[in-house]
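[1] Kindly generate the corresponding structure for this input.
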Amino acid sequence: MKRRVRAFLTAERWAEAALESIAGQGVARLAVKPLAEELGVTRGSFYWHFSSREALLRAALDLWERRETADIIARVERKADPRERLEALFREVARDRRAGPLYLAIAAGCEERVVAKAVRRVADKRLGFLARCYASLGLTPEQARFQAILAYSAYLGLMELRRDATHALKQAEFEAYLEHLIDTLIPWAGKVR
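    Below is the predicted model:
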């Protein structure tokens, strides 16, 4: 008699799988049964870690927030110079082609309250960090806030451009565009253009 070996998944692996599902199919299509089937486990594995789909969704959104916001901020904060910090941030987020589709899929699911709260929390953290960086360059609080909004708008626009108009920015010209973006969005000596 053979014993069946069952795969044991951690809560984080379930959350990762949920994020992969969201990136591919959107928040509304996130469901436990198909996810368990895709992972090759029973729903019992799911219920070992989570009480509901919403609990899984919260865990996935927390993982997304940590990886795509908190961890990135922690990495670039190591740079003492605010200009270098902003440059490192812009380079990292612009080159990450996986983050855009995931963000757009999550943001499209804002009709679910838990998603809307996470998207707002992430936006607030990102804008706050950007504003602190710009203030460190010598901008006034208002200028720093406006520059943060401009930079974040450019980031959101780049994600949508990559999704909707892939022909507009060819891969061969991306590095030149990134340098243009950095030159445009990071003022010198506290002066906004």
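[2] Can you pull out the low-pLDDT segments for the chain?
    Low-confidence segments of the chain (pLDDT under 70): 1-8, 189-193.
[3] quick one, strands of it?
    Under the criterion DSSP state E, strands are not mapped anywhere in the chain.
[4] can you give me the helices in this protein?
    Using DSSP state H, the helices of the chain run over 11-25, 32-39, 43-49, 53-65, 71-77, 82-95, 99-108, 113-136, 141-164, 174-185.
[5] Turn those into a markdown table, columns for mean neighbour count.
    No exception for glycine: its C-beta is placed from N, CA and C like everyone else's. Formatted as a markdown table, the helices of the chain follow (neighbours: other CB atoms under 10 Å):
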| stretch | mean neighbour count |
| --- | --- |
| helix 11-25 | 19 |
| helix 32-39 | 14 |
| helix 43-49 | 15 |
| helix 53-65 | 19 |
| helix 71-77 | 15 |
| helix 82-95 | 18 |
| helix 99-108 | 19 |
| helix 113-136 | 17 |
| helix 141-164 | 16 |
| helix 174-185 | 14 |
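[6] So for the chain, the centremost residue is which one?
    Against the mean C-alpha coordinate of the chain, by CA atoms, centre = their mean, the closest residue is Glu68 at 4.0 Å.
[7] Which residues are in contact with it?
    Applying CB atoms under 8 Å, 6 or more residues apart in numbering to Glu68 gives the contacts 99, 102-103, 122.
[8] Just to check, Ala154 is in contact with His180?
    No - assessed by CB atoms under 8 Å, Ala154 is found out of contact with His180, at 10.8 Å.
[9] Ala172: neighbour count?
    As a burial measure, Ala172 scores 7 neighbours (other CB atoms under 10 Å).
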